[in-house]
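> Predicted structure and sequence below. I'll ask about it afterward.
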Amino acid sequence: MKKNIAIIMGGYSSEYQISLKSGNVVYEYLDKTKFDAYRIHIFKDKWVYVDDSDNEIPINRHDFSVTVDKGPIHFDCVFNAIHGSPGEDGLMQAYLELLDIPQTSCNQYQSALTFNKRDLLSVLKPYGIKSAGSFYLNFGDPINEEAIIERVSLPCFVKANRAGSSFGMSKVYKKEDLRPAIEKAYQEDDEILIEAFLDGTEVSVGVIMYNGKTKVLPITEITTENDFFDYEAKYEGKSQEITPARISNDQEKRVVELAKRAYEVINMKGFSRSEFIFVDDEPYMLEMNTTPGLTKESILPEQARVAGISLSALFESAITEALRENT
């Protein structure tokens, strides 16, 4: 008997359009002989099932069901394709856990932890996972440019602490540009992370649970025509994403070890994609994404393809693991 799968997409953040693309790719490639898939749009003002004619039917939030012509549909599993809140910060995970509905991404605690870049890097530091020098600001804190520059030097990166796809991110070269960059980041989040610039090779490492085991996918090297790997570089063709990465065997061994360690230390499950920069052959972690992009331009699907895993197999494995976890 086929399983009913809700593919949740959209969300409350600036990443909602990318999430809709990811969710539709999952819907397209999920094996229809094994699963009945339902596209569920999650927005602040509505939670709706969207059928193939783009009709919208409200979701019953009491039990996360939907009533169609043939009657109520209850879901066996939720495929999480929401980037940002509420799919990547633990809110949907907590809700679904209360309802005892399996879902494909990590659990509530891991989602909340990884979504907070400052907290994640602090937790991983004792395990030998290095990160750039940093300075923290919360909305309303006094902005002392001299103290910031003394800590992280110039150039530096100003980031929203809890946002993805490089929304709110700036590379700052001059003191007078620091405050405008902070104000831009505050448009995305009320917590700011200011990091020292690391000059080196940037790589992205996908780690997934596959056939019951932690699997590190082929590594992707990121080069960009822009000043850094911003939204335009990620989604509008202003970058090269080379898989497998052009790094040494020693570099590959080291970053695979650290990415797997990070995944297992915090008891992750589902898909993840961690970003590192090599400085003198030493990998420094930037962040971990726990609902990484699944569009046809996204990094993780390309890594899976190079590993010999089709999109259908990748998505099916996520559902299989979620159902196994819940038994």
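Looks like it came in fine. Model, not experiment: these values are computed from the prediction.
> so who does D51 touch?
Contact analysis of D51 by CB atoms under 8 Å, 6 or more residues apart in numbering lists R39, I57, V68. (Glycine included, C-beta is placed from N, CA and C.)
> out of those residues, who has the most neighbours?
With neighbours defined as other CB atoms under 10 Å, the most crowded of these is R39; it has 21 neighbours.
> Now that residue: which helix or strand?
When elements are assigned from DSSP states H and E, R39 belongs to strand 35-43.
> Name the residues that touch that strand?
For strand 35-43, the surrounding residues in contact (CB under 8 Å, 6+ apart) are 2-12, 16, 20, 23-24, 26-27, 30, 47-51, 56, 59, 66, 73, 75, 79, 82, 86-87, 92, 316, 319.
> Quick check on those residues: which are buried?
Buried members of the contacts of strand 35-43, scored by 16 or more other CB atoms under 10 Å, are 4-12, 16, 20, 23-24, 26-27, 30, 47-50, 59, 66, 73, 75, 79, 82, 86-87, 92, 316, 319.
> In strands, which of these fall?
Using DSSP state E, the subset of the buried ones among the contacts of strand 35-43 located in strands is 4-10, 47-50, 66, 73, 79.
> would you list those residues in a markdown table and tack on pLDDT and distance to L217?
As requested, these are arranged in a markdown table below (pLDDT from 0 to 100; distance: CB to CB, whole Å):
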| residue | pLDDT | distance to L217 |
| --- | --- | --- |
| N4 | 98 | 29 |
| I5 | 98 | 23 |
| A6 | 98 | 26 |
| I7 | 98 | 22 |
| I8 | 98 | 23 |
| M9 | 98 | 22 |
| G10 | 98 | 26 |
| W47 | 98 | 32 |
| V48 | 98 | 33 |
| Y49 | 98 | 32 |
| V50 | 98 | 30 |
| V66 | 98 | 34 |
| I73 | 97 | 33 |
| F79 | 98 | 19 |
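> Closest to I192 out of those?
Closest to I192 out of those is G10 (25.9 Å), distances taken as CB to CB.
> what pairs with the closest one across the strands?
Judged by DSSP bridges, the bridge partners of G10 are I42.
> That one against I82, yeah?
Yes. G10 is within contact range of I82, at 6.5 Å (criterion: CB atoms under 8 Å).
> Mutual contacts of the two, please.
Both G10 and I82 are contacted by S19, G23, I42, under the criterion CB under 8 Å, 6+ apart.
> which one among those residues gets closest to R118?
Nearest to R118 among the shared contacts of G10 and I82: S19, at 23.4 Å, using CB to CB.
> how close does the closest one sit to H41?
According to CB to CB, to the nearest Å, S19 and H41 sit 9 Å apart.
> Ok, S122 next?
Taking CB to CB, one finds S122 at 35 Å from H41.
> Looking at the two, which is more packed in?
More neighbours surround H41 than the other of S122 and H41, with 21 against 13 (other CB under 10 Å).
> Can you tell me which helix or strand of the chain has the lowest average pLDDT?
Within the chain, confidence by mean pLDDT, DSSP states H and E is lowest for helix 231-235 among all helices and strands, at a mean of 50.
> Okay, the residue nearest to the spatial centre of the chain and V205: tell me how far apart.
Nearest to the mean C-alpha position of the chain, by CA atoms, centre = their mean, lies N289 at 2.9 Å. Distance of N289 to V205, computed by CB to CB: 11 Å.
> Understood, closing this out.
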